[in-house]
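Student: build me a model:
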Amino acid sequence: MYDSFTHHLAGLDLTGLTIKLAPFDPSDFPSEEAVEQTLAAIWSDMFVMFSGTSLEADAEDVAWGFVNLFHRAATRKSNQLDRASDEVRALLAAADGSEVHSSNLDEQVERAQAAEASMMAFEQMREVAASLYLDETGSSWKPFTGSRSNHSRKVTSAVVDARDFLRARAERRQDANTPQGTPIVFSGGRSSFATAEDAKAFASKVWSTLDKVHDHVPDMFLVHGGDTKGVDRLAASWAERHDIQQLVFSLDRRLGARAGFKRNEQMLQMNPRYVIALPGNGVLERLVIDAKARRITVVDRRSLGASIPKRYD
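Tutor: Now for the predicted structure:
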């Protein structure tokens with residue numbers, strides 16, 4: 001998975017060679033203001049078109065696909081960057097000092113820099129669209145597979161797939177798929193409510209718990225299972241609104257009944273500061289038991305009638 005172009009070149013012998021800055025300026029890409037205004041206008045018109053029709057129930061799926069357009073464009077540019085960076089590596093390894101070699105190297109460097117700049121521009125558009133999706137649906141947008149990484153220094157929030165994270169950690173790489181800060185594990189199941197007011201009250205308590213943990217751990221990033229139909233959905237929307245990175249450990253369905261317990265093990269291997277436990281099933285109960293056995297503090301919210309602990313240390 002992509003990390004920065006400069007990281008691709010780290011550790012290589014660049015003696016006698018200088019990688020120039022990319023020959024771009026802000027006017028080469030749509031401005032942030034233009035992106036925000038244009039996408040907001042398209043988004044508003046799209047939902048007005050669906051409203052009150054028999055297609056209204058499908059609007060959220062269409063909205064997800066709208067965000068995904070920019071995500072796919074960014075991914076294509078990321079792949080182009082990877083290929084160009086590999087070519088730069090090969091040219092550096094075979095450097096012979098000739099004019100032809102230098103020309104080929106300059107061409108590949110410019111190609112990599114152009115792909116990187118375009119990728120970041122599409123990521124910016126995706127983030128604007130994802131923010132509109134969050135406001136409209138109340139859910140944090142994430143792709144079906146892989147990570148929603150942000151490579152702009154202006155943006156710190158991201159939704160990182162566990163497989164990308166574990167791969168980066170195994171390769172000892174620090175990149176956009178390696179969240180920075182203190183891990184906080186969040187876990188719970190799916191719940192049903194008699195009324196919309198009950199659901200809102202439950203959500204309010206979940207967000208209040210996360211607020212209090214965030215007060216104690218300002219550099220936290222959130223580790224959860226990514227269930228879009230369960231309490232993870234509430235946690236993900238809270239994280240995005242607070243610009244908190246997310247690391248998602250989805251179930252590995254190939255493991256059958258063991259999938260949930262394997263995910264527990266992977267999340268606890270993060271050595272989290274806290275485990276936030278919401279109502280759940282036996283897999284959640286095992287997570288709580290294992291966390292306590294490892295002397296990890298559990299913020300126990302399995303009974304939402306209980307008060308939130310005033311101290312977490």
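Student: so how far is Phe202 from Arg233?
Tutor: 12 Å (CB to CB, to the nearest Å). Where you see a C-beta, it was placed from the backbone N, CA and C, and this is true even at glycine.
Student: between the two, which is the more surrounded one?
Tutor: Arg233 (20 against 17; other CB atoms under 10 Å).
Student: nearest spatial neighbour of the more buried one, chain-adjacent residues omitted?
Tutor: Ser139 (5.5 Å; CB to CB, 6 or more residues apart in numbering).
Student: just say helix, strand or coil for the one you found.
Tutor: coil (DSSP: H, G, I helix; E, B strand; the rest coil).
Student: which strands or helices does the host helix or strand of Asp135 pack on?
Tutor: Assigned by DSSP states H and E, Asp135 belongs to helix 99-137. Secondary-structure packing of helix 99-137 (3 or more CB pairs under 8 Å, 6 or more residues apart in numbering; DSSP states H and E): helix 5-9, helix 32-50, helix 59-93, helix 231-241.
Student: helix 59-93 and that helix, what's the angle between them?
Tutor: 160 degrees (axes from the mean of the first three to the mean of the last three CA atoms, to 10 degrees).
Student: quick one: distance of helix 99-137 to the chain centre.
Tutor: With CA atoms, centre = their mean, to the nearest Å as the basis, helix 99-137 stands 17 Å off its chain's centre.
Student: list the buried residues of that helix.
Tutor: 105, 108-109, 111-134 (16 or more other CB atoms under 10 Å).
Student: tabulate the helices and strands packed on helix 99-137 in CSV, adding columns for distance to Gly146 and mean pLDDT.
Tutor: Formatted as CSV, the helices and strands packed on helix 99-137 follow (distance: least, CB to CB, whole Å; pLDDT from 0 to 100):
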stretch, distance to Gly146, mean pLDDT
helix 5-9, 19, 56
helix 32-50, 22, 91
helix 59-93, 8, 87
helix 231-241, 16, 91
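Student: okay, those, which one's buried deepest?
Tutor: helix 231-241 (a mean of 23; mean count of other CB atoms under 10 Å).
Student: and the next helix or strand past that helix?
Tutor: strand 246-248.
Student: so which elements touch that next one?
Tutor: strand 159-161, helix 162-170, strand 220-224, helix 231-241.
Student: please name every helix or strand in contact with the longest one.
Tutor: Applying 3+ CB pairs under 8 Å, 6+ apart, one finds that helix 231-241 contacts helix 99-137, helix 196-216, strand 220-224, strand 246-248.
Student: nearest approach to Ala291 belongs to which of these?
Tutor: Nearest to Ala291 among those is strand 220-224; the distance by CB to CB comes to 12.0 Å.
Student: and that closest one, which strands flank it?
Tutor: Using DSSP bridges, the strands paired with strand 220-224 in its sheet are strand 182-187 (parallel), strand 246-248 (parallel).
Student: put the alpha carbons of that strand into PDB.
Tutor: C-alpha atoms of strand 220-224 as PDB (Å, rounded to 0.1, in the frame of the first residue of the first chain):
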ATOM      1  CA  MET A 220      -6.100   8.200  21.100                       C
ATOM      2  CA  PHE A 221      -7.000   6.300  18.000                       C
ATOM      3  CA  LEU A 222     -10.000   4.000  17.900                       C
ATOM      4  CA  VAL A 223      -9.800   0.300  17.300                       C
ATOM      5  CA  HIS A 224     -13.000  -1.500  16.500                       C
END
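Student: any idea how far that strand is from the chain center?
Tutor: 10 Å.
Student: low pLDDT regions in the stretch 201-313 of the chain?
Tutor: Scanning the stretch 201-313 of the chain for pLDDT under 70 picks out 305-313.
Student: which residue packs closest to Leu284, ignoring adjacent ones?
Tutor: Closest to Leu284 by CB to CB, 6+ apart is Ser187, at 5.5 Å.
Student: what about that neighbour, neighbour count?
Tutor: 27.
Student: would you mind measuring from Gly181 to Phe261?
Tutor: 26 Å.
Student: go on, Trp141?
Tutor: 29 Å.
Student: in TSV, list the helices and strands packed on helix 99-137 along with distance to Arg302.
Tutor: Output for those, formatted as TSV (distance: least, CB to CB, whole Å):
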stretch	distance to Arg302
helix 5-9	42
helix 32-50	37
helix 59-93	30
helix 231-241	11
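Student: list the contacts for the residue nearest to Leu284?
Tutor: His224, Gly225, Asn264, Met267, Val275, Ile276, Ala277, Leu278, Gly280, Leu284, Leu287 (CB atoms under 8 Å, 6 or more residues apart in numbering).
Student: again, only this time at 10 Å
Tutor: Applying CB atoms under 10 Å, 6 or more residues apart in numbering to Ser187 gives the contacts 223-225, 227, 230-232, 235, 249, 260, 263-264, 267, 275-278, 280, 283-284, 287-288, 291.
Student: and if you look at Leu251?
Tutor: Gly225, Gly226, Asp227, Ala259, Gly260, Lys262, Arg263, Val283.
Student: right, I'll leave it there.
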